[in-house]
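Undergrad: The following comprises the amino acid sequence and a computationally predicted model.
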Amino acid sequence: MQRALPGAGLLAETVQAQVGSKIEITGGQAFTEKEIRDAQAEEIRDIMEKGVTPARADDLAFYIGSFYRKAGFSKVVVDYEIHGDKVLIKINEGPRSTLHRLIFTGNRVVDDKTLYDYMIGATPERLAREPAKFPYTTAEISAGVDRVRGLYLSKGYLNVAIDSSKVQLSRDGKEADVTVRITEGPVYTVGQVTFTGETLYPREQLITALGESTTGPFAPGLAVVMQRNLQSFYKAHGYYQAEVIATADPTPFPHGGRVPIAFHVAPKGLFRFGSVTVRNVTDKPRLHANFLPKRFAHLRGQIYDPAKLDETYREMLRTGLFDNLRVSLNPTPSHELLIDLTASEAKAKEVGFTIGAGSYEGVSVGVRLADRDLFGHGRPLSFSADYSQRGLRGELLYVDPWLFDTRFALRTRIYSEARDEDGYSKNAIGARTDLTRKLTPHLELGVFAEVAKYNVTSNGISEDLLGPLDYTVGSVGLTQNSDFRNDPINPGRGFVFNTSFDVTTVQGGDAFTRGIGRFSYYLPIGKTVLAFGARGGFISADATNVPIDSRFFNGGGNSVRSFAERQLGPMNHGHPVGGNIYTVFNVEYDVPITGALTGAAFVDAGSLTNDDLPGSGDLRYGVGLGLRYKLPIGPIRLDYGVNPDRRQDESFGAFNFSFGFAF
C-alpha cells in the first residue's frame, strides 16, 4: 500500500487554490470547470508560471472557444477581463449544433451514400439515428470536404471544386443542414505511355513494372508512383544507380482528357555484389571477425538483387545473435556494391523455463540452457529437459546452419526419455542427424539418419501386440518441405506440402519402409481464414511386426478432434495399439472474436488401419467448435469435437487442449 506524504493533500489544495485565485471561469454549462481546465492545461500553466497578461488571457479565451466549437457550439463567444493578477473568462455557449443532414448537388460520378461515408464516416440512417455523435463543426466539415476531394482526384477529376459554405441552422440553432456543391469538371485519363533512353527490356515488361494501370484515371502523383516503381524494377535487376525521369503535364486540358506519360531511362551500369566489411560495436565481442563476411560471401559476384540481400540479412536476424544489425551499400566506379555491416551482439547464453498443459501430456514443466554462439562461431548448442505426467524427456541439440561454411544445414540431437504412454511404458536413448539444403526460399530438401535403443514394457496392452520389446532401431530417410505460408507459426494464407520417406531396420526383426505426406492450405476471406488439411502415412509391414513406438496413432488435438489423443483406431484392453496406415482430413474456419482471441468451427475425418485387429481402417468423423488465443510463438487451442457416428464404448466427443496450429 502506498502512503501519502505528510501534507500532500494540503499541497494539492494549495495549488488548486492558486489556480482558482488567478483564473476564474464563468458561464460554462455543457462542461464542468475541471473538464475545461484539463483541456487547456498548457495555457493555464503558462499563466500560473509567468503571470497574467492580455496576450496570455487572449490565448486562453481563444483555445477555450476552439474547445467548444469542436464539440458543436458553433456560436460560442468567449471573452475575458483582467482584474489585477486575475483573469476572468466569460463563456456564452449558445446552442450546441449537431449535423442534421448533408445535401449533395452536382455529383454525377459518386453517389450520395459514398459521399456521406467520406464526409462523416457514416450512413444517412446512422446520422438520423445517432445525431449526438455528429456535432456540427466547420473543421470536421472541411476535413470531410478534403476527403471527398481526394476521392475525386483519385478518379481523375483534377479540376473538381467543392463548396460547403452553405449552412442552414434550425431556428433554435441546434441542427445544421450543410449543402455540399460539387463541380466535377472533366475527367483525365492516362494517355500514351512512352519509354526513351536505354530501356534494355521489352515494352510489355516495362508496362508491368510501372505497377499501376495505364488505361485508368490520371490522378495526382500517379506518374511519380510509376517512376519509383520503374526505378525499383531496374535496381532489382542489378542497375543500382538507374535513373528514371517521368514527364506528365495535365495542364492545359489535353485532347480527349488523355494525359501522355513519358519515361526516360538511364541504367548507368550493371552492379554486382562486392566485398564485405564489418564493424562490430559490441563492448566485448564473442563472434569471430570472419563470421558475418562468410555469411554474405555467397553473394559476391552475383548481380545485385535486393531480395537476395534481404533474405541473407533476415537470416542473420533470426539467429538471435544480434541486438542490432545495419547494412549499407557503397557503389564503386567498377560497378561493385561493397556491403558494409554494423553489428551489435546480443547476449549469447540464456536460461529458460517453461510450463504448459495438454490433453495427453497433462501438466508439464521444463528448463532450457543454451549458448547461441558456441566458441564464437555463431552455432547454437542447447540442452532441454521436460517433465510431464507422462514422464521425462531430455535433449542435447547442436545446430549448424552453415555446415563447413556452405548453404547446407546440420541438425544433430541426442535424446533420452522415460515415459508412460497409454498402454505401455518405454525407456529410450538415441541420436538423430538431419542434413538439409534450401534450394529456394520456399523449398527445402534433406536426408536424415537415426539410431535408438528402446526397452518397452506392457502397461495394459497384450505383449504379443507390442512388437519387439528390447531392441535397437536404425533409420535413414529423405525429407522435402515446400512452405509458401505467410507465417509458419500463425498462418493466414498460403500452403505447405511436406513429405518424408525412410527405411528402418530393427535388431532381430524385419526391415520396413515408411512414407508420410502432409498438405495444408490457408485461404483468407476478409478477416477470417478457411483452412484445409490432408495427411497420410503407410508402413510396409504388418503393424504387429513393427515396434509400437514406430507405428501411427490417430485422434487428438492435431488430427480427428472428436477423439481423445490416440483413441481413434483399434484397441486392446481399452488401450490404442496403433497401425500401419493412417489418413487425416481437416477443414477449419477461423473467425476473429476480439484482440488475439479467435473462434473456430471444424470438420475432421480420419482412419487408422491395423490389419491384424478388427475395427480398423474405417473413416471416422468429428465436428466441433474451438477457441484460439494467438501468441507470438503460436496459438493456444481449446477444441471440443462431437463424434457423429459413435460406437459402443466410445465417448460422445472430446475436449482437446493443445498448442500450435492444428494442421
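TA: All right, it came through fine.
Undergrad: Do I have it right that Thr105 meets Val178?
TA: No: in this structure, Thr105 is not within contact of Val178 by CB atoms under 8 Å, at 11.5 Å. All C-beta spots, glycine's among them, are computed from the backbone N, C-alpha and C.
Undergrad: Neighbour count: the two, which is higher?
TA: Val178 (22 against 11; other CB atoms under 10 Å).
Undergrad: elements contacting the helix or strand hosting Gly536?
TA: Taking DSSP states H and E as the definition, Gly536 sits inside strand 528-539. Packing partners of strand 528-539 (3 or more CB pairs under 8 Å, 6 or more residues apart in numbering; DSSP states H and E): strand 512-525, strand 581-594.
Undergrad: I'd like those written out as CSV, with distance to Ala30 added.
TA: Converted to CSV, the helices and strands packed on strand 528-539 look like this (distance: least, CB to CB, whole Å):
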stretch, distance to Ala30
strand 512-525, 46
strand 581-594, 33
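Undergrad: closest to Val265 out of the ones you listed?
TA: When these are compared by CB to CB, strand 512-525 sits nearest Val265, at 36.9 Å.
Undergrad: List the contacts of that closest one.
TA: 477, 485, 491-504, 506, 529-541, 545-546, 550, 663 (CB atoms under 8 Å, 6 or more residues apart in numbering).
Undergrad: Turn the helices and strands packed on strand 528-539 into a markdown table, including mean neighbour count.
TA: Formatted as a markdown table, these follow (neighbours: other CB atoms under 10 Å):
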| stretch | mean neighbour count |
| --- | --- |
| strand 512-525 | 17 |
| strand 581-594 | 18 |
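Undergrad: need the ones you listed in JSON lines with mean pLDDT and distance to Glu243, can you?
TA: Converted to JSON lines, the helices and strands packed on strand 528-539 look like this (pLDDT from 0 to 100; distance: least, CB to CB, whole Å):
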{"stretch": "strand 512-525", "mean pLDDT": "97", "distance to Glu243": "38"}
{"stretch": "strand 581-594", "mean pLDDT": "97", "distance to Glu243": "45"}
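Undergrad: what's the closest residue to Phe296 other than its chain neighbours sitting at in phi/psi?
TA: In space, and not counting its chain neighbours, Phe296 is closest to Val276: 4.7 Å by CB to CB, 6 or more residues apart in numbering. With angles defined as degrees, to the nearest 10, Val276 sits at phi -120, psi 130.
Undergrad: Please tell me the pLDDT value assigned to Val276.
TA: The model reports Val276 with a pLDDT of 97.
Undergrad: show me what contacts it?
TA: Val276 touches Leu292, Pro293, Phe296, Ala297, Arg300, Leu338, Ile339, Asp340, Leu341, counting by CB under 8 Å, 6+ apart.
Undergrad: Surely the last one forms part of a strand?
TA: Yes: secondary structure assignment places Leu341 in a strand (DSSP: H, G, I helix; E, B strand; the rest coil).
Undergrad: From Gly574, how far out is Pro468?
TA: From Pro468 over to Gly574 the distance is 23 Å, taken as CB to CB, to the nearest Å.
Undergrad: Would you map the helices across the chain?
TA: 8-22, 33-39, 41-50, 54-70, 112-120, 124-129, 138-154, 203-209, 222-236, 291-296, 306-318 (DSSP state H).
Undergrad: For the fourth one, give me every contacting residue.
TA: Under the contact criterion CB under 8 Å, 6+ apart, helix 54-70 has outside partners 23, 25, 30, 36, 39-40, 43-44, 46-47, 50, 76-80, 82, 87, 89, 91, 93, 135, 137-139.
Undergrad: what does the last one give?
TA: The list of residues contacting helix 306-318 from outside it, by CB under 8 Å, 6+ apart, reads 235-236, 273, 292, 295-296, 298-299, 302, 322, 325, 327, 339, 401, 441.
Undergrad: Can you dump the C-alpha atoms of it in PDB for me?
TA: The C-alpha coordinates for helix 306-318 follow below in PDB (Å, rounded to 0.1, in the frame of the first residue of the first chain):
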ATOM      1  CA  PRO A 306      17.800  -6.500 -53.100                       C
ATOM      2  CA  ALA A 307      15.700  -9.600 -52.400                       C
ATOM      3  CA  LYS A 308      18.700 -11.800 -52.100                       C
ATOM      4  CA  LEU A 309      20.400  -9.300 -49.800                       C
ATOM      5  CA  ASP A 310      17.300  -9.000 -47.700                       C
ATOM      6  CA  GLU A 311      17.000 -12.800 -47.400                       C
ATOM      7  CA  THR A 312      20.500 -13.100 -46.000                       C
ATOM      8  CA  TYR A 313      20.000 -10.100 -43.700                       C
ATOM      9  CA  ARG A 314      16.800 -11.600 -42.200                       C
ATOM     10  CA  GLU A 315      18.500 -15.000 -41.800                       C
ATOM     11  CA  MET A 316      21.100 -13.200 -39.600                       C
ATOM     12  CA  LEU A 317      18.400 -11.500 -37.500                       C
ATOM     13  CA  ARG A 318      16.700 -14.900 -37.000                       C
END
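Undergrad: now the contacts of Val276 in CSV, with neighbour count?
TA: Listed next are the contacts of Val276 as CSV, based on neighbours: other CB under 10 Å:
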residue, neighbour count
Leu292, 23
Pro293, 16
Phe296, 20
Ala297, 16
Arg300, 14
Leu338, 14
Ile339, 24
Asp340, 15
Leu341, 20
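Undergrad: pLDDT added to those, as CSV?
TA: Output for these, formatted as CSV (pLDDT from 0 to 100):
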residue, pLDDT
Leu292, 97
Pro293, 97
Phe296, 96
Ala297, 94
Arg300, 96
Leu338, 98
Ile339, 98
Asp340, 98
Leu341, 98
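Undergrad: which among the contacts of helix 306-318 end up buried?
TA: Buried subset of those (neighbour count, 16 or more other CB atoms under 10 Å): Lys235, Ala236, Phe273, Leu292, Arg295, Phe296, Leu299, Phe322, Leu325, Val327, Ile339, Pro401.
Undergrad: on that earlier part again, which positions in the strand holding Gly536 come out as buried?
TA: Val529, Ala531, Gly533, Ala534, Arg535, Gly536, Gly537, Phe538, Ile539.
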